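Q: okay, here's the prediction I keep looking at, along with the sequence it came from:
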Amino acid sequence: MMKALERLRFSLETGSAPALSRPWAIEHDLDNHIARLEKHLKEGASTHIPRDLQLEAVQHFWTSQRVETLKDARLVSFGIALPVGPRRLRVIEDEERFPALLDGVDRYLPAPRQYRRCYQGLLSGYFTYDPHGNDVPRTGRKNWDSLREYLNNRSKRVVDGERNPQWVDSLQQHTAIFSDTPCARYGAALLAGNKSEVDELREVLNISDSSWFMRELFLAQVEAAVQRNDPDFLEILYRVLDLLKENEIIRDDGLALVLNRFARLMPPPLALPLRDAAVNWWGNPWLQSNSMRWGRATSDARAMVTEWLKLEFIEAFFTLLAEEKSGDSRRLAFWKRYVHAIEDIHFGLGSDARNSKASDFVALRKKMNGLIVPLNDPIGSNNAFIMRMGRVVIVEFSGYSNACYGYDATESLPFKYDRPVVMPVNAKNSLKHSTRKLWLTHKDGRHGRKWEEKFEETLANDYKIRPLSASVQREVLGGRSEHVVEHVPRPPAQPPTDRDGRLDPVAEVASWKTVKYTRETLSRFARAFDLGIDDLTDKNGNLWVRADDAHIGVNEVLLAWGFEFKNAQKGWWKAR
């Protein structure tokens with residue numbers, strides 16, 4: 001017996017010694033295993049369910065209309081928006097099967113850990129199915145609304161004690177995702193560039209980029225912007241327009257919010273990017289063919305953009321389309337004062353304007369869509385501007401030497417807009433006809449009376465049409481870093497300069513309109529706004545400013561200094 005015990009003791013001592021004498025190995029795999037366990041506890045059950053398993057379960061449920069096991073209930077819950085069969089049927093779009101699924105899932109309510117496995121699938125379907133998508137049936141929208149209410153009412157039933165998956169804890173803090181404004185709380189932060197909360201929520205709840213939730217997130221930013229006070233709203237306007245430009249899916253709703261908010265400004269300044277965005281996306285606001293799209297805007301917003309567009313058309317005609325004579329700046333200034341009275345506009349475009357491939361002509365024709373009438377004339381550069389104001393229809397021609405014609409709008413006009421117009425007097429469908437009620441030339445009187453006074457007096461006396469008061473000023477919202485105002489109470493005698501005497505490049509362009517023109521002033525103005533100058537006067541040519549007409553402030557300064565616009569390629573010119 002003693003020998004046996006001694007042998008056992010010897011074996012233990014000799015056998016364990018080598019093992020105890022070796023250093024313990026670091027078990028890296030153990031750390032990784034612990035990390036995986038913690039991740040599993042944090043995230044809960046995986047949301048990655050193979051599509052073929054979902055499809056098989058949904059097909060079985062479609063036939064039986066019952067979920068017999070927890071596994072079936074979970075798989076069908078994840079597959080509620082999955083189209084099955086040749087008819088591409090979805091559980092969420094079926095009047096009988098969808099309620100049957102919810103009833104089957106409710107059987108697991110007493111066991112939160114089991115129930116939330118199904119709830120997580122329904123939550124996935126909630127974000128996947130777009131109730132506002134194209135061709136969504138009425139039943140689909142109705143069931144989606146029921147699902148939203150179901151998930152909201154049972155959001156606390158997925159909690160089980162103090163330790164829950166991260167998505168369960170996060171859900172308790174974000175139940176507003178089941179409201180009519182699911183993303184309202186995130187809009188302001190996203191607008192400020194803080195997206196950490198949203199990124200975490202999307203990751204935890206597994207919300208994909210294709211979910212309707214993303215559309216609501218973008219729209220929430222627009223809604224946050226329009227809720228700001230006036231200065232802050234104007235400050236962020238162009239960022240919001242960029243957001244709408246990049247996200248077509250929210251463009252209509254977002255544009256309506258922005259336009260309606262902008263129209264509430266007192267008074268709303270002229271915002272060229274907003275005008276261009278509205279017209280490019282929705283078309284001309286006063287054309288009946290665009291009424292459905294413009295139906296989202298308030299009457300004030302629609303009237304605001306209408307006036308903006310008419311003002312642009314007046315400027316375009318007397319710069320881009322009219323003959324380059326010194327009087328055109330006077331015609332432009334005159335008719336701009338009547339923009340409020342213009343009820344309708346048409347353009348008779350000659351072959352040059354109709355066929356030009358220049359970018360400025362292409363863009364202008366797009367905005368004029370529905371208003372263009374071909375003007376057939378041997379001189380392709382001839383164009384006509386037709387305005388209806390109350391009881392009178394005014395026709396101005398691009399050639400300054402042509403008289404202005406006026407017709408009684410209550411009588412039959414000698415021309416129709418559904419066929420080409422011509423210019424010979426009394427010709428068929430001519431814009432010039434002896435039945436005219438007005439025939440006014442753009443010539444000043446012998447005793448210093450300007451033609452503008454004659455026009456204004458005639459319109460006021462014969463048609464009760466009066467211009468805007470000279471005291472009525474228009475504010476122009478500048479670019480991203482400037483807020484341009486056309487009326488300056490005390491304009492400086494010289495353009496603003498910095499401490500070194502250099503021109504301040506961000507000075508308000510409006511202040512230049514009161515500065516007396518000199519050749520040196522022009523050079524300083526050109527440096528301020530990065531304009532090119534070609535002085536050909538020493539070669540019996542003209543003085544040219546190489547710039548397009550995209551900047552309305554620059555346009556008005558150059559017009560005030562006697563320059564005329566040729567086209568986007570050549571720019572502005574002034575005679576020697």
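A: Right, received. Where do you want to start? Numbers count the residues shown, from 1 in each chain.
Q: ok, and the closest non-adjacent residue to Ser351?
A: Gly380 (4.0 Å; Cβ to Cβ, 6 or more residues apart in numbering). C-beta here means a position set from N, CA and C on the backbone, and glycine is covered the same way.
Q: over to that neighbour. Which of the three states is it?
A: Under the three-state scheme (DSSP: H, G, I helix; E, B strand; the rest coil), Gly380 adopts coil.
Q: contacts only, for it.
A: Gly380 is in contact with 350-352, counting by Cβ atoms under 8 Å, 6 or more residues apart in numbering.
Q: buried subset of these, written for PyMOL?
A: To isolate the buried members of those in PyMOL, using 16 or more other Cβ atoms under 10 Å:
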select buried, resi 350+351
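Q: adding pLDDT, distance to Lys574 and secondary structure, write the contacts of Gly380 out as TSV.
A: Listed next are the contacts of Gly380 as TSV, based on pLDDT from 0 to 100; distance: Cβ to Cβ, whole Å; DSSP: H, G, I helix; E, B strand; the rest coil:
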residue	pLDDT	distance to Lys574	secondary structure
Gly350	95	25	coil
Ser351	95	28	helix
Asp352	94	23	helix
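Q: and which of the contacts of Gly380 is nearest to Arg293?
A: Gly350 (30.6 Å; Cβ to Cβ).
Q: is it true that that closest one touches Ile372?
A: No. The pair Gly350 / Ile372 is not scored as a contact, 11.0 Å apart, by Cβ atoms under 8 Å.
Q: at which residues are the helices of the stretch 351-500 of the chain located?
A: 351-355, 359-367, 451-463 (DSSP state H, counting those that start in this stretch).
Q: what about the strands in this structure?
A: 270-271, 344-349, 372-374, 383-389, 392-397, 404-408, 438-440, 476-477, 532-535, 543-546, 564-567, 571-574 (DSSP state E).
Q: sheet partners, orientation included, of the fourth one?
A: Same thing as strand 383-389. Here strand 383-389 has these sheet partners by DSSP bridges: strand 344-349 (antiparallel), strand 392-397 (antiparallel).
Q: before we move on, what about the first one?
A: For strand 270-271, the paired strands and their directions (DSSP bridges) are strand 476-477 (parallel).
Q: how far off centre is the strand it pairs with?
A: Taking Cα atoms, centre = their mean, to the nearest Å, the mean C-alpha location of strand 476-477 is offset from the chain mean by 18 Å.
Q: next one: stretch 126-139
A: That offset, for stretch 126-139, works out to 24 Å (Cα atoms, centre = their mean).
Q: burial measure for Val515, as a count.
A: Val515 sits with 18 neighbouring residues when counted by other Cβ atoms under 10 Å.
Q: do Gly79 as well
A: 28.
Q: give me the pLDDT value at it.
A: Gly79 is assigned 95 on the pLDDT scale.
Q: which residue sits closest to Gly562, ignoring its sequence neighbours?
A: Lys574 (5.5 Å).
Q: swap in Lys570?
A: Trp544 (6.9 Å).
Q: buried residues of stretch 51-65, list them for me.
A: For stretch 51-65, by 16+ other Cβ under 10 Å, it's 54-55, 57-59, 61-62.
Q: pipe these into TSV and attach distance to Ser299 per row.
A: Formatted as TSV, these follow (distance: Cβ to Cβ, whole Å):
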residue	distance to Ser299
Gln54	50
Leu55	51
Ala57	53
Val58	49
Gln59	53
Phe61	51
Trp62	50
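Q: residues touching Arg110, list them.
A: Careful, residue 110 is Pro; it's not Arg. No contacts exist for Pro110 under Cβ under 8 Å, 6+ apart.
Q: residue contacts, the spatially most central residue of the chain?
A: Most central in the chain under Cα atoms, centre = their mean is Leu244, positioned 3.4 Å from the mean C-alpha point. Leu244 sits next to 222, 250-251, 254-255, 258, 277 when contact means Cβ under 8 Å, 6+ apart.
Q: please repeat the previous calculation with a cut-off of 10 Å.
A: 218-219, 221-222, 250-255, 257-258, 277, 281 (Cβ atoms under 10 Å, 6 or more residues apart in numbering).
Q: taking those as a set, which two sit the farthest apart in space?
A: Gln221 and Trp281 (17.9 Å).
Q: tell me which of these two has more neighbours.
A: More crowded of Gln221 and Trp281, by other Cβ under 10 Å: Gln221, with 24 against 14.
Q: pretty sure the more buried one is touching Leu243, no?
A: Yes. Using Cβ atoms under 10 Å, Gln221 is in contact with Leu243, at 6.2 Å.
Q: shared neighbours, the two?
A: 190-191, 236, 250, 254.
Q: for these, pick the one with the most neighbours.
A: Neighbour max across the shared contacts of Gln221 and Leu243 (other Cβ under 10 Å) = Gly254, 23 neighbours.
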